[in-house]
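1. Could you work out the structure for the sequence below:
(chains A and B)
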Amino acid sequence: MKIEITDPQELLSAFVDEETTAFEVQRLCGELHNDRELARLGRCYVIGDAMRGNLPLKIDANFVASVRAAIEREPLEAVAPDAAGWRPRLLNPGRINPARINPAMGFGLAASIAVCAVIGFQSFNSSSTPEIPVTNVARINPAAAGSSAITPSLTDSQLLRQTRASIAAADAAPGLDAPGVGAPKASLVGNSEVAARLNSYLVNHSEYAPSRGMMPYARAVVGYEGDR
Amino acid sequence: MGEINDRELVRRVQAGDKRAYDALVLKYQHKIIKLISRYVHDPDAAQDVAQEAFLKAYRGLGRFRGDSAFYTWLYRIAINTAKNHLVAQNRRSPDFEVDAQDAEYYEGASKLKEYATPERQLLTDEIERTVYRAIKELPDDLKTAITLRELEGMSYEEIAQTMRCPIGTVRLRIFRAREAIDRQLAPLIN
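-> Numbering: from 1, shown residues only, chains lettered A, B, ... in the order given. From the prediction side, this is the model:
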């Protein structure tokens, strides 16, 4: 286990040898704001370089000061990353350089537009009022079809109520549900030709019906198939 | 362990502490100037190019993410700056390239001798003489400790094993050796 260095000079020497802990480095960095400490640190490096014969031919004692002065002369935004962290600089902040646009970003943008277009198209289709085809009603109850044909100005809700009423009437018709009698509804559903036509109709219907879910086909087919 | 110092200093510079960059310049200035001298033989020009390299490094430090060691990164900047300087001077950059680790030990610099005028080498020679004289005057334990550290590159732990003493003693001996040398060196440099 390392013993913490308390003497600042000794700490500086250990820092030169890179034998300090991260905490000690942090402590020492705080003291480097003192010019004397900084100069002492520089001399410690000079001693090592001199011993190893690594001193350059010409030594400029003011080299660090020259670099610092050059840094100070630089425009602020061109050099120092600020305290809030470095941010990329735009050459012309008012204008986006096309060369800097990432191709991946372009693909992402195109995909987003495509998705918006598809959703918009679907919403546009669903916004038109779905109408229950007259033929559907006619197959169940020809009278209802006739009435709707007579009253073309019926509202949606009226049409819906009328359709429900005619379906209810068909369900409630005497003898229809009696076994062995061959009730029209039962025979309709049981007949494979009719069932096929119904399924075909439902599929066609669901193509034009407003699609509010992810799988409109699944709803139509599973819900109305007579064989199951 | 060596990475800790640079990483912390770089982090501080990135947070806006310019003094931390002074410490990095102090640490690497001689290595970088010597490295650039392999390309730019005039010592005055080498100093200028080194200054430019440190300035470029400072500018780019915001983008430095620490994927490599700071010195490796700085080394590449210095080499590029030196080559750009030669191109600007209409000179072909040399074919050889000195490895970052070997740069400070590279001795094939015969051309440098042309520029080593007595005036230019005066301070360098004087510093070296002063340091060696000061080391000669050190007590044996301090002399051994600083020599093992600076010339052999041993860690404190290795020196402690070699000298059969605690690490704290090694640290103190090296510190005292530096203090003694610095007493003679400071008037010369300042």
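2. most remote residue from chain B's center?
-> Outermost residue of chain B with respect to the C-alpha centroid, by Cα atoms, centre = their mean, is B:Arg164; its distance is 29.8 Å.
3. Residue of chain B closest to chain A, please.
-> B:Gly62 (2.9 Å; Cβ to the nearest Cβ). Just so you know, the C-beta spots here come from the backbone N, C-alpha and C atoms, and that holds for glycine as well.
4. I'd like the next helix or strand past the lowest-mean-pLDDT helix or strand in chain B.
-> Each helix and strand of chain B was given a mean pLDDT (mean pLDDT, DSSP states H and E); the minimum falls on helix B:112-115 at a mean of 52. The element immediately downstream of helix B:112-115 (helix or strand, assigned by DSSP states H and E) is helix B:118-136.
5. which helices and strands sit right next to the helix or strand encompassing B:Ala160?
-> Secondary-structure assignment from DSSP H and E places B:Ala160 in helix B:156-163. Using 3 or more Cβ pairs under 8 Å, 6 or more residues apart in numbering or on different chains; DSSP states H and E as the contact criterion, the secondary-structure elements in contact with helix B:156-163 are helix B:140-150, helix B:167-189.
6. Dump these to CSV, plus distance to chain A.
-> Shown next, in CSV, are those (distance: least, Cβ to the nearest Cβ, whole Å):
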stretch, distance to chain A
helix B:140-150, 5
helix B:167-189, 4
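7. could I get those as TSV with mean pLDDT, distance to B:Gln89 and mean neighbour count?
-> As requested, the helices and strands packed on helix B:156-163 are arranged in TSV below (pLDDT from 0 to 100; distance: least, Cβ to Cβ, whole Å; neighbours: other Cβ atoms under 10 Å in any protein chain shown):
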stretch	mean pLDDT	distance to B:Gln89	mean neighbour count
helix B:140-150	96	36	20
helix B:167-189	94	31	19
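8. For A:Ala196, find the nearest of these.
-> Closest approach to A:Ala196 among the helices and strands packed on helix B:156-163 is made by helix B:167-189 (92.1 Å; Cβ to Cβ).
9. ok so, going back, between the helices and strands packed on helix B:156-163, which gets nearest to A:Ala14?
-> Proximity of the helices and strands packed on helix B:156-163 to A:Ala14 was assessed by Cβ to Cβ; the nearest stretch is helix B:167-189, lying at 5.6 Å.
10. What pLDDT does the model give A:Gln122?
-> The model reports A:Gln122 with a pLDDT of 77.
11. On the three-state scheme, B:His41 is what?
-> coil (DSSP: H, G, I helix; E, B strand; the rest coil).
12. mind showing which ranges of chain B have poor pLDDT?
-> Scanning chain B with the threshold set as pLDDT under 70 gives B:1-2, B:91-121.
13. B:Arg11 is in contact with the residue of chain B closest to chain A, correct?
-> No. With contacts counted by Cβ atoms under 8 Å, B:Gly62 stays clear of B:Arg11, the gap being 11.7 Å.
14. For those two, indicate the residue with more neighbours.
-> Ranked by neighbour count (other Cβ atoms under 10 Å in any protein chain shown), B:Gly62 and B:Arg11 place B:Gly62 first, with 18 against 14.
15. distance of the more buried one from B:Tyr132?
-> To B:Tyr132, B:Gly62 is 42 Å away according to Cβ to Cβ, to the nearest Å.
16. again, but for A:Val118
-> On the measure of Cβ to Cβ, A:Val118 and B:Tyr132 end up 81 Å apart.
17. what about those two, which has more around it?
-> B:Tyr132 (13 against 10).
18. who touches that one in this structure?
-> For B:Tyr132, the contacting residues are A:Ala50, A:Met51, by Cβ atoms under 8 Å, 6 or more residues apart in numbering or on different chains.
19. got it, and A:Ala69?
-> With Cβ under 8 Å, 6+ apart, A:Ala69 has no contacts at all.
20. going on from the host helix or strand of it, what's the next piece of helix or strand?
-> If you go by DSSP H and E, A:Ala69 is part of helix A:63-73. Later in the chain than helix A:63-73, the nearest helix or strand by DSSP H and E is helix A:103-127.
21. packing partners for that following helix?
-> Applying 3+ Cβ pairs under 8 Å, 6+ apart, one finds that helix A:103-127 makes contact with no other helix or strand.
22. how about A:Pro56, phi and psi?
-> Torsion angles at A:Pro56 (phi, psi; degrees, to the nearest 10) stand at phi -70, psi 170.
23. now do the one 4 residues further on
-> Here is the backbone geometry of A:Asp60 (degrees, to the nearest 10): phi -110, psi 110.
24. Tally up the residues packed near it, please.
-> A:Asp60 is surrounded by 17 other residues when neighbours are defined as other Cβ under 10 Å.
25. wait, what's in contact with it?
-> The neighbours of A:Asp60, taking Cβ under 8 Å, 6+ apart as the test, are A:Ser66, B:Gln47.
26. Am I right that B:Phe54 is in contact with B:Ile32?
-> Yes. Checked against Cβ under 8 Å, the pair B:Phe54 and B:Ile32 is within contact range at 7.2 Å.
27. out of those two, which sits in the busier spot?
-> In this view B:Phe54 and B:Ile32 are compared by other Cβ under 10 Å, and B:Ile32 has more residues nearby, 30 against 27.
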